[in-house]
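Participant: here's a sequence, model it:
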Amino acid sequence: MRNSSHGCNTAAAARPRALARLIGVDVRFGPRRVLRDITLEVAPGDFWTLIGPNGAGKSTLLGLFNGLTPCSTGRAEYAGLPVTPKTAPAVRLKIAHVFQTSDLDPKMPLSVFESVLGGTYGRLGLFRRPGPREKDLAMHALETVGLADLAGRPIGHLSGGERQRTALARALAQEPELILLDEPTAALDWQAQRDILNAVAALRRDFALTVFMVTHDLNAVFNLARKVAMLREGRLIWQGDVKDAMQPELLSSLYGVPIAIADCNGRKAALF
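Facilitator: From the prediction side, this is the model:
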């Protein structure tokens, strides 16, 4: 009995503790049930992608992790503690959220560097000013996303892709444990999309951040992510390792159109 107990404890110790967890979550907006029985676990260091057709509830699900979306039933947890209206402000210090459309106002008289430095304010509080450490953080974040040479440029003079990378750098300067990305390449040209995805890869490579990304870019899913969740009509219909998600029948069923998977120079690509 003693040996058996010891073995169980060892297995439990080896299993990574969930950083974020959704347990039996339903979300209702008035009479409409938007999400149904969502259960999902994100371990430290994971790179998750959430895919599915428009209107499936992907952005709504993303907001469960930091309390922007309230649970109607079930619960969301972060680091083992429930995410509630009372705890959500503290949780948001540890979770950065980059929205589909950059929330940087191009009319604000701020430089790129000043905007990124704003990511440090949450941890500083109201009565402390950024010091050398925070300024180093901001510059390092800009270097990570490839915008250090634009640090002095007004944010109103940036392209859409540059604004989105600035938002990524601002999120990184927050020193989060988990970063939520809501369709970061939406409405960008091919070059800007590649720049964003390279920046996301750098976040993982250089900072070992946990990432949860909503995207329609199946090629980014195949070549960046470790885990995939598939959402259709408010339900998670599949979740697991990315290598197991590369099934034409599964993806075709998710989107309702024929999808093939091809090998292109050693990389997986989805063909519509």
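Participant: strands along the stretch 51-200 of the chain, start to end?
Facilitator: With DSSP state E, counting those that start in this stretch as the criterion, the stretch 51-200 of the chain has strands at 73-78, 81-82, 95-98, 178-182.
Participant: same for the last one, what does it pack against?
Facilitator: Which is strand 178-182. Other elements packing on strand 178-182 under the criterion 3 or more C-beta pairs under 8 Å, 6 or more residues apart in numbering; DSSP states H and E are helix 58-62, strand 95-98, strand 210-214. Every residue, glycine included, has its C-beta placed from N, CA and C.
Participant: then it to PDB, C-alphas only?
Facilitator: Written as PDB, here are the backbone C-alpha positions of strand 178-182 (Å, rounded to 0.1, in the frame of the first residue of the first chain):
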ATOM      1  CA  LEU A 178      -0.800  34.200 -20.000                       C
ATOM      2  CA  ILE A 179      -1.500  36.200 -23.200                       C
ATOM      3  CA  LEU A 180      -4.800  36.100 -25.000                       C
ATOM      4  CA  LEU A 181      -4.800  37.000 -28.700                       C
ATOM      5  CA  ASP A 182      -8.000  37.600 -30.500                       C
END
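Participant: relative to strand 73-78, how tilted is it?
Facilitator: 120 degrees (axes from the mean of the first three to the mean of the last three C-alpha atoms, to 10 degrees).
Participant: circling back: can you put the strands of the stretch 51-200 of the chain in JSON lines and add mean pLDDT, distance to residue 37 and mean neighbour count?
Facilitator: Below are these laid out as JSON lines (pLDDT from 0 to 100; distance: least, C-beta to C-beta, whole Å; neighbours: other C-beta atoms under 10 Å):
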{"stretch": "strand 73-78", "mean pLDDT": "98", "distance to residue 37": "8", "mean neighbour count": "18"}
{"stretch": "strand 81-82", "mean pLDDT": "96", "distance to residue 37": "18", "mean neighbour count": "13"}
{"stretch": "strand 95-98", "mean pLDDT": "96", "distance to residue 37": "23", "mean neighbour count": "23"}
{"stretch": "strand 178-182", "mean pLDDT": "97", "distance to residue 37": "21", "mean neighbour count": "23"}
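Participant: can you tell which of those strands is closest to residue 266?
Facilitator: Nearest of the strands of the stretch 51-200 of the chain to residue 266, taken as C-beta to C-beta: strand 178-182 at 25.1 Å.
Participant: sheet partners, orientation included, of that closest one?
Facilitator: Partners of strand 178-182 in the sheet, by DSSP bridges, are strand 95-98 (parallel), strand 210-214 (parallel).
Participant: what's the closest of the ones you listed to residue 240?
Facilitator: Closest to residue 240 of the strands paired with strand 178-182, according to C-beta to C-beta: strand 210-214, at 15.0 Å.
Participant: now residue 239: closest residue in space that isn't a chain neighbour?
Facilitator: Counting by C-beta to C-beta, 6 or more residues apart in numbering, residue 239 lies nearest to residue 229, which is 4.2 Å off, once chain neighbours are set aside.
Participant: related to what we said a few turns ago, can you put the strands of the stretch 51-200 of the chain in TSV and add distance to residue 169?
Facilitator: TSV is the format used below for the strands of the stretch 51-200 of the chain (distance: least, C-beta to C-beta, whole Å):
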stretch	distance to residue 169
strand 73-78	23
strand 81-82	28
strand 95-98	10
strand 178-182	11
